[in-house]
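> Next come a sequence and a model predicted from it.
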Amino acid sequence: MMVRTGIFEEYGIVLDYLPQGLPGENLPPHKRTPIAHIMGENYFTLLEVVPSTDLSMYERVFIGKGKREKIARVKKRLRYNELSTTAKGELKFIVEKIVSENEQKFVEFFNTSGPISIRYHKLELLPGLGKKLMNETLEERKKGPFKSFNDIKDRVPSIPDPKKMIITRILNEMQEIDRYSVFISRPPKEIE
């Protein structure tokens, strides 16, 4: 298995702020540390951080290398099932916001994605896109690159909503529905 190295998030979005730490911790109140669950903007990395000040939901915070204004330290990477219930509930909205704000980055996936194997193409990882729609999409992109989600929809009319397909795929990758990771950076599997 190949593990991505050198991939770091610069900014993250607060999914949940827990000023009293995780519920159910068996620590006395004076030993509890505030934490926040955040999602990185570029690689959708799920992280638990220790804030140095109060945070607000949906707040964009610097988590990169160097002086961090609001985050004392990044505690650890998280898997989807380790997120708080609130954080899980906010994921879809934050992913949708990031995809909308970075449309060109995700349209580029339709323009440049290639085969995974001799029988399987990265486009087929998108929910609702099978062999027939994949071939239609590949034929259209030969005529010229797609410029927007609307351009994809106009040129390949039978394709479901491309933006929703990307959002659903990202959420599926976070939940580790299958072994492929195209849009997110997953924590490495633990060695047993």
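Alright, I've got the coordinates. Numbering: from 1, shown residues only.
> helix/strand/coil for the spatially most central residue of the chain?
Central residue of the chain (CA atoms, centre = their mean): F44, 2.9 Å from the mean position. Following DSSP: H, G, I helix; E, B strand; the rest coil, F44 is assigned to coil.
> 58 is where my numbering starts, stick with that
With the count now opening at 58, the last piece we talked about shows up as F101.
> what sits against it?
Neighbour list for F101: V152, I155, I227, E230, M231, F240, I241, S242 [criterion: CB atoms under 8 Å, 6 or more residues apart in numbering]. Yep, even glycine has a C-beta here, placed from its N, CA and C like the rest.
> mind listing what the residue lying closest to the last one once chain neighbours are set aside touches?
Same thing as S242. With CB to CB, 6 or more residues apart in numbering as the criterion, S242 has its nearest non-adjacent residue at 3.8 Å, and that residue is Y100. With contacts defined as CB under 8 Å, 6+ apart, the neighbours of Y100 are I64, E66, F240, I241, S242.
> What about D208, how many residues nearby?
Look at D208: counted by other CB atoms under 10 Å, it has 16 neighbours.
> what's the answer for K133, then?
Neighbours of K133 (other CB under 10 Å): 12.
> Quick check, pLDDT for it.
Predicted confidence (pLDDT) for K133: 93.
> doesn't E105 make contact with it?
Yes - look at K133 against E105 with CB atoms under 8 Å: they come within range, at 5.3 Å.
> now the helices: where do they sit in this structure?
With helices called from DSSP state H, the chain shows them at 142-158, 160-169, 188-199, 206-212, 219-231.
> And the longest one, what's buried?
Same thing as helix 142-158. A144, K145, E147, L148, I151, V152, E153, I155, V156 (16 or more other CB atoms under 10 Å).
> List the backbone torsions phi and psi for F203.
Reported as degrees, to the nearest 10, the phi and psi values for F203 are phi -70, psi 140.
> mind giving me the domain split of this structure?
68-146, 159-231 (automatic domain parsing).
> Would you single out the least confident of those?
domain 68-146 (a mean of 91).
> what about it, start to end distance?
Start-to-end span of domain 68-146 (CA to CA, to the nearest Å) is 20 Å.
> Isn't Y237 up against S170?
No - Y237 lies out of contact with S170 (CB under 8 Å); the separation is 11.6 Å.
> And these two? Which one has more around it.
A direct count of neighbours by other CB under 10 Å for Y237 and S170 places S170 higher, at 19 against 14.
> and the more buried one, what is it in contact with?
H178, K179, L180, V239.
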